[in-house]
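J.: Sequence first, then the predicted structure:
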Amino acid sequence: MGFIKIRWNSSGKAIRSHAYLLLEKYDEAKTDANWVVDYYNKNKCTRKDNEKLCKEAVERVMFVRGAVHQTAGEYKQAIRDYDWVVKNGKIFGPVAYENRGRAYFAVKDFTTAYTHFDKLVQENPTSADYYALRCTSAYEIFKNTPFENSKKGREDKKRKLEEISADCNKSLGIDPENELAKETAGYLAADKALSELFRGIFEDESDMEEELRSASGVRLFEDKEEKAIPEKNEYGGETSEKTYQKGDRGSEDLKKEIAYFDGNKKKVKADYLHTDKFADEKGLNRSISYFGSDGKRTKAEYFHTDKFANEKGVNKSISYFDSDGKRTKAEYFHTDKFTSEKKFNKSISYFDSAGKVIRRELYMDGKLVKKIE
C-alpha cells in the first residue's frame, strides 16, 4: 500500500527516535522508542516531568514504533501501537489512523481498511489518495463477494463495479497521475469487460447465458521481477517482462505480463499469461490489451481454454472500446463443433453507450448470413 506518512514535532529521545525513523535507521528508532515507553510505564508522566512534553513524547514514540513495525511488515504489532495513538494522541492521531488503515489492508482485512478510508474521504473530500485507497479496498471486498449466477446477480455485480469505479474516477479527476487509482481502474475495467464478454452472443439464449460465468482480470503494474528486452520491438520501442511470484498481488491470476512500448516510451500493447488456476476457473489462459496514444485501451483479445471452448463454442474473442472505455463491438470466433450446429463460425455484437446489444451479425467464412437487430 505504499509509503508511511511521518509527521514532525518536539522532545529528547522521542525526537531522536523520530529522526532515526526519518533516516530509515529503524533499529535505532525502535530502541529509543522502547526506552521512552518503558520510562512511561514505570513512572507515568509526573509533575517532575513537564507533563505536556512527556505525553507528547510517548505519543510520538508509539507512532514511531508503529511505523517501524509497519515498515518491517509486522502489521499486527503496528496496528496495536497505532490503536494507542488513535485513542490517546492529539498530534499524530490522524496520520496513525491512515497508516492503521493501510496496515489492515496489508493483512487483508479489507472491510476494516475500507471503513478507515471511507472516514478519511468524508473528512478530506479533495484527497485523490483517499479516494484511491477506498476504491481499492472496495474492489478487494468485491472480489471476495459471491454473486448469484443469474441475470439479477450479473446486474448486481455490474452495479457494484460502477459504484467502485466512481471512486477511482474521482481520484483521477483530482490527480490524473495517481498510480494506485490508475492501477485499480485498470483492474475494474478488465473485470467489467470480461464480465460482459459473452452478453452479446448469448443474450437471447437464456439457457446458455445462465451457464456463463464472468471472469475477473488483473491489470496491476507494481514492481515485480522485471526483465527488459534490449532489442527494439515491432513498435519501435522497448519490451519488458514482469514475472509474478507467489505472494505478489495478482499472482493468483497472472504468471507473466509482457509490455510493449513505442519509440516515445508509451505502452501500446500488454500480453497477459494467466495461471492454471485462473484458466481452469475463468476459461482464459491468455489476454492481450492494446492502447492508443492517450494510454487508453482500444482493443482486447481473449484466448480461451480448450475446456471452455468445448463447453461454450468460443475459442477466441475480441472487444473494442471507445475513448471513454465503453465497449462498442465484440467479435466471437467459434469452434468447429459450434459451427456445424449453428451454421456460422463468427459473430459480431454491437453495443450502445449503455452497454446494451443493438445489433448482431452472424458470418460463415467471411460471408454475412444473418443480421439481428
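T.: Thanks, I have it. Here the structure is a predicted model, which means the values were calculated and not measured.
J.: wait, isn't residue 314 in contact with residue 335?
T.: Yes - between residue 314 and residue 335 there is a contact at 7.2 Å, judged by CB atoms under 8 Å. For glycine as for every other residue, the C-beta is placed from the backbone atoms N, C-alpha and C.
J.: quick one, domains of this structure?
T.: 12-107, 224-372 (automatic domain parsing).
J.: which of the ones you listed is buried the deepest?
T.: Counting by mean count of other CB atoms under 10 Å, domain 12-107 has the highest mean neighbour count of the domains of the chain, with a mean of 19.
J.: Residue 333 and residue 275, how far apart?
T.: For residue 333, the distance to residue 275 (CB to CB, to the nearest Å) stands at 24 Å.
J.: And for residue 62?
T.: Counting by CB to CB, the gap from residue 62 to residue 275 is 41 Å.
J.: go on, residue 24?
T.: For residue 24, the distance to residue 275 - CB to CB - is 35 Å.
J.: Next: residue 313.
T.: For residue 313, the distance to residue 275 - CB to CB - is 24 Å.
J.: which stretches of the protein have low pLDDT?
T.: 1-23, 26, 29, 31-51, 149, 186-228, 230, 249-250 (pLDDT under 70).
J.: Try it again at 50.
T.: 1-10, 197-224 (pLDDT under 50).
J.: Helices along that one, start to end?
T.: 12-22, 26-43, 51-71, 75-88, 93-106, 110-123, 128-143, 151-174, 179-195, 199-202, 206-211, 276-282, 306-312, 336-342 (DSSP state H).
J.: For residue 265, find the nearest of those helices.
T.: helix 179-195 (16.3 Å; CB to CB).
J.: ok so, going back, reformat the domains of the chain as JSON lines; add distance to residue 165.
T.: Putting the domains of the chain into JSON lines (distance: least, CB to CB, whole Å) gives the following:
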{"stretch": "domain 12-107", "distance to residue 165": "19"}
{"stretch": "domain 224-372", "distance to residue 165": "9"}
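J.: For residue 326, find the nearest of the helices of the chain.
T.: helix 179-195 (9.5 Å).
J.: re the thing from before, so for residue 147, which of the domains of the chain sits nearest?
T.: domain 224-372 (14.3 Å).
J.: Quick one: residues contacting residue 135.
T.: Residue 135 makes contacts with 164, 165, 167, 168, 171, 181, 184, 185, as judged by CB atoms under 8 Å, 6 or more residues apart in numbering.
J.: hmm, try it at 10 Å
T.: 114, 117, 121, 163-172, 180-181, 184-185, 187-188 (CB atoms under 10 Å, 6 or more residues apart in numbering).
J.: now do residue 96
T.: Taking CB under 10 Å, 6+ apart, one finds 5, 7, 59, 62-63, 66-67, 78-79, 81-87, 89, 103 in contact with residue 96.
J.: Not counting its neighbours along the chain, what's nearest it?
T.: In this structure, residue 96 finds its nearest non-sequential neighbour in residue 85, 3.9 Å apart by CB to CB, 6 or more residues apart in numbering.
J.: thinking that neighbour is in contact with residue 56, fair?
T.: No - contact criterion CB atoms under 10 Å: residue 85 and residue 56 do not qualify, at 11.6 Å.
J.: anything in contact with each of the two?
T.: Contacts common to residue 85 and residue 56, judged by CB under 10 Å, 6+ apart, are 91, 92.
J.: quick one: contacts for the closest residue to residue 301 other than its chain neighbours?
T.: Nearest non-adjacent residue to residue 301, counting by CB to CB, 6+ apart: residue 288, 4.4 Å away. Shown in contact with residue 288 (CB under 10 Å, 6+ apart): 258, 260, 269, 270, 271, 272, 299, 300, 301, 302, 303, 318.
J.: List just the nearest of the residues you listed to residue 354.
T.: Closest to residue 354, out of all of these and judged by CB to CB, is residue 300, at 19.7 Å.
J.: Tell me what the closest one is bridged to.
T.: residue 289, residue 319 (DSSP bridges).
J.: My guess is it contacts residue 287. True?
T.: Yes - with contact defined as CB under 10 Å, residue 300 and residue 287 form a contacting pair (6.4 Å).
J.: Neighbours of residue 141, how many?
T.: 15 (other CB atoms under 10 Å).
J.: ditto for the one 5 residues further on
T.: The criterion is other CB under 10 Å. On that basis, residue 146 has 7 neighbouring residues.
J.: Residue 234 versus that one, what's the distance?
T.: Taken as CB to CB, the span from residue 146 to residue 234 is 43 Å.
J.: got it, and residue 154?
T.: Taking CB to CB, one finds residue 154 at 38 Å from residue 234.
J.: In contact with the residue nearest to residue 96, which residues?
T.: Here residue 85 is in contact with 58-66, 91-97, 99-100 (CB under 10 Å, 6+ apart).
J.: 8 Å instead, please
T.: 59, 62, 63, 66, 92, 93, 96.
J.: So the fifth one is in contact with residue 58, correct?
T.: No - applying CB under 8 Å as the test, residue 92 and residue 58 come out as separate, 10.8 Å apart.
J.: Residue 301 against residue 315, yeah?
T.: No - the pair residue 301 / residue 315 is not scored as a contact, 11.7 Å apart, by CB under 8 Å.
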